[in-house]
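In: With the sequence up front, the predicted model follows.
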Amino acid sequence: MIAEVIVDVAAHPIDRPFDYAVPEELQVLVEPGMRVKVPFGPRKVLGFITALKDTSDFDVSRLKPIHELMDVVPVLNEELLAMAKWMKKQTVCFEIDALQVMIPSALRAKYEKRFVLNAPLEELPEPLQPYFDKRPSVRSQDAVEVYGLLKKELERGTVVADTDISQQTAVKKARMIHITDSLEKLESIEIRSNAKQQVKLMAFFKNHLGKAIESSVLQKEAGTTLPTIYSLAEKGAAEIHNEELYRDPKLLSDIEKKPNLQLTEAQQAAYDAIDAALNTPKTFLLHGITGSGKTEIYLQTIEETLKAGKEAIMLVPEISLTPQMTLRFKERFGDLVAVLHSGLSAGEKYDEWRKIQRAEVKVVVGARSAIFAPFRNLGLIILDEEHESSYKQDDSPRYHARDMAIWRSEYHNCPVILGSATPSLESYARAQKGVYELLVLEKRAKNQPLPTVHIVDMREELRNGNRSMFSVPLAEAIRERLDRKEQTVLFLNKRGYSSFVLCRDCGTVMQCPNCDISLTYHRSSELMKCHYCGYDEPVPHTCPECESEHIRFFGTGTQKVEEELAKLVPEARVLRMDVDTTRNKGAHEKILAAFGEGKADILLGTQMIAKGLDFPNITLVGVLSADTTLHLPDFRAAEKTYQLLTQVSGRAGRDKLPGTVFVQSYTPDHYAITLAKDQLYEPFFEQEMAMRRASGYPPYYYVVNVQFTHEDLMTVAGYADQSVRFLQSQLSQSTLIIGPSASLIARVNNRYRYQCLIKYKKRTEARRRYAAADQNLSLGMDKKRRNIVD
DNA sequence: AGCACGCCGACT
DNA sequence: GTCGGCGTGCTC
């Protein structure tokens, strides 16, 4: 028996199956999808069995045997193995990367070099002996001081090198206290009245008859200690066992089940359409304005799916995977829900994953990678906020969860729901073409009015002598809320890595004449540069449109805003939320909770607070500068601005009090801003589509971003140039190649980065040619890394 | 990617 | 004479 193995080495010549002999004793056990340790050249590596067969194109007598089988049950099923092969083609990644991303990180191998003693200890030189005293091997990192000596011993053969392949200790064991379920039994136990601790614990036991509680949890909940527990256990009040356990933070909190909400007419119509398609590989685009009740539709369609004996995956953007959100699912589906998000430890994620694999849960709520949940009988996939860019992984494998969802839906014959208040242009265009079925919710479920949105012209403010970042109307509105004891949320869209030059008189921002994106200001060279094509021109001293001298570099940090805010309303209590204040685990939730409890008047933050903010007392939202997003060097800048403004406005007036929104901008007439004011999605879509068509961007063209990196600037520039010429000769004339030019972040980890854009219309043809070129280029390239981004 | 093999310069 | 630099080639 022969196994095809995809080996854990991410490199071009290795990216294909290698054949291994299956040892006699393993033949009854092996299955595709299991992990194996195999010899590979002079070392051992981990790999995945992707197939079993009886013949090989390779010389069978030279096949090496599998060294060790790592699993008893496959970690990947046939579907996921097939999906990895497809991902490799689809995203131009190594198959091993596709396989690795499908399993929890706790199962991924850790490699550790070791020195193994291969002779009696006495034969080693004196200084080495302590290292091997009472242990057969030593971690290479623990023996750095004696590398010289070890090297000599390696040659003598008294010590050999080895690579230890391990995985995280995955299964958690814990001491469980099983409280007896008989009240009589408890009452028959006598406790001396001066044993106060025991009396206290006994009372707790009586309230939790028949329950099993982890000892550490019990100690915390009952305020007791281990000896006390043991004394009561000896008297028969409880039994103590060591058990395999899931890491679940909420052992005692019984979540109350909540019934379905009554659907509105529009919700019912959408629900019926999906319900009718529960056994078809159909993709729905559910377009519903903020507050229109999309979640209730998700919950009820999932319920139908479960009734049919099938499973469901619910994807949400990482940032909105808040406790309130997951609670809503647990209230409906109780223990049948697994939750996967970045806040969990590797072990916790592994536990959730095992629940899925063992079919103990039926619903998964999670971020991007939850799309690989190893369900076998999938009945429904939902992507909430489908336009979110976090659904695309930005390193290899650069997959988009939406594409993976649709692939799985075809495999399982089940529907996909893409939900959003502001669909991506790509999805909406597909819905218009009839590729997806469009479902629309035009009204808010509780019939609340949309908040009133005011657009503030900051050019006007400047003309009136206001040079601060708070316009007069916004400042007034903030003061009003303070008086009325209502809350305010202020958004500052950070400038990130790019900065632009803006005319404060007319709002002009310089654009690239070739690419229709904003030019980026480079301080070192004093140039305005285009990050798509490399075009540059000097920084202007006066505005090219209106000749004003008020043209300057733009961008502010939250800290500076905080200072100005303190001057504006010194009495206000302000909470700041940005990357600096949310670095620690759980800080995000803590700040939000504090704000929700009314411990502050104003919440100041970046995009990260645009989601999951649902507090009744927020009546004012201020967007300090809509321009920052609008002038990102990105062809999706307008789309992102529209989405952000819509999202942000939805934070105000979610309960009884009406909401007001102020959007400050130097380009208040831009369609992304004016149309977001009243959530006019269709007109925005039409206008933005026209722009995309005119400048050759998605959805009209496919765009691929190829990156080149190298530690030497000249080398990478030269290779990028050479590669682009090669690609040009390979691809058809309708394919445009833009660049190469230095990347937005010109250097990362001491490697210089270049990129080029490839634009094409026919997907399959260009993809195939590109993949071929990818092979050729890599062969000719030295110490270079290449990446496809889009 | 990682590791071994192998072929030339500067040290004991 | 030997240590060690990194070019080349292979991995079932």
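Out: Sure thing, it's come through. Numbers count the residues shown, from 1 in each chain, chains lettered A, B, ... in the order given.

In: Am I right that A:Lys151 sits in a strand?
Out: No - secondary structure assignment (DSSP: H, G, I helix; E, B strand; the rest coil) places A:Lys151 in helix, not in a strand.

In: gap between it and A:Ile609?
Out: Per CB to CB, to the nearest Å, A:Lys151 is found 56 Å from A:Ile609. Any C-beta I mention is one placed from the backbone N, CA and C, and that applies to glycine too.

In: Show me what the host helix or strand of A:Phe684 is packed up against.
Out: In the assignment (DSSP states H and E), A:Phe684 maps to helix A:681-695. Other helices and strands packing on helix A:681-695, by 3 or more CB pairs under 8 Å, 6 or more residues apart in numbering; DSSP states H and E, are helix A:425-432, helix A:637-649, helix A:671-677.

In: now it: mean pLDDT?
Out: Averaged over helix A:681-695, pLDDT sits at 96.

In: Low-confidence bits of chain A, can you list those?
Out: For chain A, residues meeting the criterion pLDDT under 70 lie at A:168-171, A:247-254, A:321, A:494-498, A:555-556, A:585, A:610-612, A:748-750, A:763-790.

In: Go again with 50.
Out: Across chain A, the ranges flagged by pLDDT under 50 are A:249, A:251-252, A:779-785.

In: What residues does it have near DNA strand C?
Out: Residues of chain A lying close to DNA strand C (CB under 7 Å from any atom of the strand) are A:9, A:11, A:13-14, A:18-21, A:38-41, A:56, A:58, A:62-64, A:148, A:151.

In: which ones among those come in contact with DNA strand B?
Out: The residues of the residues of chain A next to DNA strand C that also fall near DNA strand B, by CB under 7 Å from any atom of the strand, are A:Val9, A:Ala11, A:Pro13, A:Ile14, A:Gly41.

In: The first one reaches A:Asp97, doesn't it?
Out: Looking back up the chat, that one is A:Val9. No - in this structure A:Val9 lies outside contact range of A:Asp97 using CB atoms under 8 Å: 10.8 Å.

In: of those two, who's got more company?
Out: A:Asp97 (20 against 17; other CB atoms under 10 Å).

In: Helices of the stretch 401-550 of chain A, residue ranges please.
Out: A:401-412, A:425-432, A:458-463, A:472-484 (DSSP state H, counting those that start in this stretch).

In: buried residues in the longest one?
Out: If I follow you right, that is helix A:472-484. Of the residues in helix A:472-484, those buried under the neighbour-count criterion (16 or more other CB atoms under 10 Å) are A:Leu474, A:Ala475, A:Ala477, A:Ile478, A:Arg481, A:Leu482.

In: go on, the first one?
Out: When neighbours are counted by 16+ other CB under 10 Å, the buried residues of helix A:401-412 are found to be A:Ala401, A:Arg402, A:Asp403, A:Met404, A:Ala405, A:Ile406, A:Trp407, A:Arg408, A:Ser409, A:Tyr411, A:His412.

In: and if you look at stretch A:274-285?
Out: Buried positions in stretch A:274-285, judged by neighbour count with 16+ other CB under 10 Å: A:Ile274, A:Ala277, A:Leu278, A:Pro281, A:Lys282, A:Thr283, A:Phe284, A:Leu285.

In: Nearest to DNA strand B: which residue in the stretch 51-200 of chain A?
Out: Using CB to the nearest atom of the strand, the single residue of the stretch 51-200 of chain A nearest to DNA strand B is A:Thr163, 5.4 Å away.

In: sorry, back to before: not counting its own residues, what contacts the helix holding A:Phe684?
Out: Residues from elsewhere that reach helix A:681-695 (CB atoms under 8 Å, 6 or more residues apart in numbering): A:287, A:421-423, A:425, A:428-429, A:515-516, A:635, A:638-639, A:642, A:671-672, A:675-676, A:698-700.

In: Next SSE downstream of it?
Out: Downstream of helix A:681-695 (by DSSP H and E), the next one is strand A:702-710.

In: That next one pairs with which strands?
Out: strand A:751-760 (antiparallel), strand A:785-788 (antiparallel) (DSSP bridges).

In: Could I get those in TSV, plus columns for mean neighbour count?
Out: Formatted as TSV, the strands paired with strand A:702-710 follow (neighbours: other CB atoms under 10 Å):
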stretch	mean neighbour count
strand A:751-760	22
strand A:785-788	16
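
In: Relative to A:Glu360, which of these is closest?
Out: Closest approach to A:Glu360 among the strands paired with strand A:702-710 (CB to CB): strand A:785-788, 37.8 Å.

In: how close does A:Asp8 get to A:Ala106?
Out: Distance, A:Asp8 to A:Ala106, by CB to CB: 15 Å.

In: More neighbours: which of these two?
Out: Per other CB under 10 Å, whichever of A:Asp8 and A:Ala106 has more neighbours is A:Asp8, with 22 against 19.

In: what's near enough to touch the spatially closest residue to the more buried one that is not a sequence neighbour?
Out: Closest residue in space to A:Asp8, ignoring its immediate chain neighbours: A:Leu46 at 4.5 Å, by CB to CB, 6 or more residues apart in numbering. Shown in contact with A:Leu46 (CB under 8 Å, 6+ apart): A:Val7, A:Asp8, A:Arg35, A:Val36, A:Lys37, A:Val38, A:Met70, A:Ala109, A:Ile165.

In: Check A:Glu318 too.
Out: A:His341, A:Ser342, A:Ala367, A:Arg368, A:Ser390.

In: can I get those residues in JSON lines with neighbour count?
Out: Rendered in JSON lines, the data for those read as follows (neighbours: other CB under 10 Å):
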{"residue": "A:His341", "neighbour count": "21"}
{"residue": "A:Ser342", "neighbour count": "13"}
{"residue": "A:Ala367", "neighbour count": "21"}
{"residue": "A:Arg368", "neighbour count": "23"}
{"residue": "A:Ser390", "neighbour count": "16"}
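
In: now, which of those residues lie close to DNA strand B?
Out: The subset of the contacts of A:Glu318 lying close to DNA strand B, counting by CB under 7 Å from any atom of the strand, is empty.

In: Which residues of chain A lie near DNA strand B?
Out: With CB under 7 Å from any atom of the strand as the criterion, chain A meets DNA strand B at residues A:9-14, A:41-43, A:113, A:161, A:163, A:783.

In: Most widely separated two among those residues?
Out: Pairwise distances across the residues of chain A next to DNA strand B (CB to CB) peak at 26.4 Å, for the pair A:His12 and A:Ala161.

In: hmm, back to that, filter the contacts of helix A:681-695 down to the buried ones.
Out: Those of the contacts of helix A:681-695 that meet the buried threshold are A:287, A:421-423, A:425, A:428-429, A:515-516, A:635, A:638-639, A:642, A:671-672, A:675-676, A:698-700, by 16+ other CB under 10 Å.

In: before we move on, the earlier item: using JSON lines, lay out the helices and strands packed on helix A:681-695 together with distance to A:Gly293.
Out: Listed next are the helices and strands packed on helix A:681-695 as JSON lines, based on distance: least, CB to CB, whole Å:
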{"stretch": "helix A:425-432", "distance to A:Gly293": "20"}
{"stretch": "helix A:637-649", "distance to A:Gly293": "16"}
{"stretch": "helix A:671-677", "distance to A:Gly293": "21"}
